[in-house]
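# sequence and predicted structure are below.
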Amino acid sequence: MANQARRSILCPNCRKLISVDEGRCPYCGTTNPGSWWKNNFWTQGLRSSDQIIKAIIYVNVGMYLISMLLDPLSSRLSLNPFSFLSPGDRSLLVLGATGTIPIDQLHRWWTLVSANYLHGSVMHILFNMLAFRQLAPFVIREYGPYRMLSIYTIGGIVGFAVSYIAGVRLTIGASAAVCSLIGASLYYGKSRGGLYGQAIYKQIGGWALGIFVFGFLFPGINNWGHGGGILGGIILGALLGYHERRREGVFHRILAGGCMALTVAVLGWAVLSAVVIRFLS
């Protein structure tokens, strides 16, 4: 009995308890579920909703702290809660703020990725991370962790691409990526239908409406980025599908892995180049 327990694992796809020697999972059909590449830190971490949510939040917080440390003398200690502890504009620019200035003048197309992890104040990052923490578990439940990561990453890029086309000069924030989760949730609710789908559609639709009202009432809000993120999320939701229509497969895993690799590469380059510009140039 003890030996049998030691040779039991959780299927990396459906999370059911199976023997490590199974050639195919008897529950979901995954081949070679006991192979090392399907049961390592990276794949298991990506399949854990809590781990992936925490990782995205930690990266956002880390980039915010770096933006403060790069130029602490330029950081603002305003009594205005919306600008309290705001990183300096130069720090945000060298770390990867996006818009027509970085892209047209500096040819930094990679900022369409990095800008999703930069924030202009404590309130800015707090609001975005709270919204992400509310939306991400739902999207993971209905789409899966791989599709959620792809929607968040690509949707954020689409949102900032739309704002660039609209002529926004300089912009940052995770709100475009968060809005892509709103877009995917809207698509899910409308596509699924029924009482549950209608309830989701109405609830998330209220979020979307509130975001645009807030954006028009307060200056400096990138409504183009928000609208582009929602549009990107709707398109990605339709293209990638959700659990009730299509289970996550190899393509979804490869796409999520590519999004993760792209994000790590871009943020690594952003931090490295920012340190060089700040301290060595």
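Received it, and whenever you're ready, just let me know what you need.
# and Arg246, backbone torsions?
Here is the backbone geometry of Arg246 (degrees, to the nearest 10): phi -160, psi 130.
# ignore the last one, Ser19
The phi and psi values for Ser19, taken as degrees, to the nearest 10, are phi -80, psi 140.
# for it, list each beta-bridge partner.
Ser19 has the following beta-bridge partners by DSSP bridges: Ser8.
# tell me the pLDDT of it.
Looking at Ser19, its pLDDT reads 76.
# count the residues that sit near it.
When neighbours are defined as other CB atoms under 10 Å, Ser19 has 14 of them. The way it works is simple: take the backbone N, C-alpha and C, and place the C-beta from them, glycine included.
# isn't it up against Cys11?
No. Assessed by CB atoms under 8 Å, Ser19 is found out of contact with Cys11, at 10.3 Å.
# which helices and strands sit right next to the helix or strand where Leu130 lies?
Using DSSP states H and E, Leu130 maps to helix 122-143. Counting contacts by 3 or more CB pairs under 8 Å, 6 or more residues apart in numbering; DSSP states H and E, helix 122-143 is packed against helix 49-70, strand 84-86, helix 145-165, helix 175-192.
# now it against helix 145-165, angle please.
Helix 122-143 and helix 145-165 meet at an angle of 130 degrees, taking axes from the mean of the first three to the mean of the last three CA atoms, to 10 degrees as the criterion.
# what is the mean pLDDT for helix 122-143?
Taken as a whole, helix 122-143 carries a mean pLDDT of 95.
# buried ones in that helix, by neighbour count?
Buried residues in helix 122-143, defined by neighbour count with 16 or more other CB atoms under 10 Å: 122-125, 127-129, 131-132, 135-136, 138-140, 142-143.
# what does stretch 155-167 give?
For stretch 155-167, burial by neighbour count (16+ other CB under 10 Å) applies to 155-164.
# same check on stretch 185-205?
Residues of stretch 185-205 classed as buried by neighbour count (16+ other CB under 10 Å): 185-192, 200-201, 204.
# quick one: end-to-end length of that stretch, please.
Stretch 185-205 has an end-to-end distance of 9 Å (CA to CA, to the nearest Å).
# which residues are contacting that stretch?
By CB atoms under 8 Å, 6 or more residues apart in numbering, the residues outside stretch 185-205 that reach it are 135, 138-139, 142-143, 182, 208, 230, 233-234, 237-238, 242, 244.
# and the contacts of stretch 153-160?
98, 111-113, 115-116, 171, 174-177, 179-181, 183-184, 224-233, 235-236, 259-260, 262-263.
# now restrict those residues to buried residues only.
Buried members of these, counted by 16+ other CB under 10 Å: 98, 111-113, 115-116, 171, 174-177, 179-181, 183-184, 224-233, 235-236, 259-260, 263.
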